[in-house]
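Asker: need a structure here:
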Amino acid sequence: MNKTTHTIYIYSMALIVIVITIYLSYTGYSFYHLPIEERFYHPHYNWFKSSGLYGQGLGIIGTFLILFGVSIYIARKRYNFMVKYLNMKYLLEFHIFLCILGPVMVLFHTAFKFGGIVSVAFWSMAAVVLSGVVGRYIYIQIPRTIEGRELSLNEVKNMKTDLASVFNEKFNLDKSIIDMVISLTSGKENEKNKFTVSGLRKTLISNNVPRKECAMILKMVKKEKSLSGKIARLQTMQKMLKYWHVIHLPFALIMLVIVIIHIIVTVSFGYKWIF
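Answerer: Below is the predicted model:
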């Protein structure tokens with residue numbers, strides 16, 4: 001899966017979440033916007049209520065999506081389940097997708113009514129989702145192989161290209177431009193001359209560098225600049241990822257325990273949906 005396909009993959013999942021959220025909001029708006037004490041008189045109260053066919057169905061499907069998303073991710077990460085077919089990089093995106101869509105459905109299952117132990121489960125779920133988004137940001141800051149293995153600092157440094165030599169040999173650029181490129185891709189802030197990519201573009205154009213070569217140079221500089229930034233932040237991000245697990249996992253466990261208790265209590269009271 002190339003970068004373009006990966007981008008489409010991410011945006012497609014985001015679009016699905018947005019469309020489903022809009023659909024659920026539109027479908028149940030006449031019920032959800034009513035004060036709790038007036039909902040009983042809504043013509044479709046037995047349909048939208050948390051124990052109704054629709055409301056309970058959202059809770060069951062949403063919970064299933066969360067559990068499936070968590071289970072398959074852990075199975076692949078910890079136990080190498082289907083290691084030949086499940087790429088960690090893309091599985092993480094799928095895990096996040098399910099663990100956002102699931103909570104959205106659970107939210108509508110509650111009919112926006114929170115209280116008691118259910119409220120603890122909901123806010124734990126919200127904390128898990130928010131920390132998951134933060135975790136994804138930290139995760140993608142750490143360079144990895146195609147299979148998703150985290151690269152060491154030395155491995156990442158070996159990925160850097162000597163752009164000065166490449167540009168000098170391939171494009172025969174002026175020394176001032178080479179110096180600008182080195183400054184941009186060094187990963188260090190230049191206090192006297194804070195060069196930018198847009199500044200480099202203007203310089204290339206003013207030096208009559210062909211448009212095609214200009215695009216190639218800028219693409220290589222952006223890639224190298226991004227890599228330099230990741231190298232500079234690598235150790236910090238690795239530490240942050242460790243601390244993130246300390247926050248993310250407890251909320252996930254609390255949510256899981258309360259959901260199990262909720263399911264047991266629900267079944268005990270005879271709410272079995274369509275089964």
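
Asker: name the element the residue nearest to Lys49 when sequence neighbours are not counted belongs to?
Answerer: Once flanking residues are discounted, Lys49 sits nearest to Gly55: 5.2 Å by CB to CB, 6 or more residues apart in numbering. Every residue, glycine included, has its C-beta placed from N, CA and C. Assessed by DSSP states H and E, Gly55 sits inside helix 53-79.

Asker: give me every residue that touches the residue nearest to Lys49.
Answerer: Taking CB atoms under 8 Å, 6 or more residues apart in numbering, we find Gly55 in contact with Trp47, Phe48, Lys49, Phe108, His109, Ala111.

Asker: now, of those, which are buried?
Answerer: Phe48, Lys49, Phe108, His109, Ala111 (16 or more other CB atoms under 10 Å).

Asker: tell me the helices and strands packed up against the host helix or strand of the third one.
Answerer: Using DSSP H and E, the element containing Phe108 is helix 88-109. Contacting helix 88-109 under the criterion 3 or more CB pairs under 8 Å, 6 or more residues apart in numbering; DSSP states H and E are the following elements: helix 3-32, helix 53-79, helix 116-140.

Asker: so, low pLDDT: which residues of the stretch 151-275 of the chain?
Answerer: Within the stretch 151-275 of the chain, the set of residues satisfying pLDDT under 70 comprises 151-161, 164, 168, 187-194, 274-275.

Asker: any idea which helix is longest in this structure?
Answerer: The longest helix of the chain (DSSP state H) is helix 211-268.

Asker: same for it, what does it pack against?
Answerer: helix 53-79, helix 116-140, helix 153-158, helix 163-170, helix 175-185, helix 197-206.

Asker: could these be laid out in CSV, adding distance to Leu227?
Answerer: Shown next, in CSV, are the helices and strands packed on helix 211-268 (distance: least, CB to CB, whole Å):
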stretch, distance to Leu227
helix 53-79, 25
helix 116-140, 13
helix 153-158, 7
helix 163-170, 11
helix 175-185, 8
helix 197-206, 14
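
Asker: out of these, which is closest to Asn87?
Answerer: helix 53-79 (9.0 Å; CB to CB).

Asker: in that closest one, what's buried?
Answerer: 54-56, 58-60, 62-63, 65-66, 69-70, 72-73, 76.

Asker: which of those residues lies closest to Tyr139?
Answerer: Closest approach to Tyr139 among the buried residues of helix 53-79 (CB to CB): Tyr73, at 11.9 Å.
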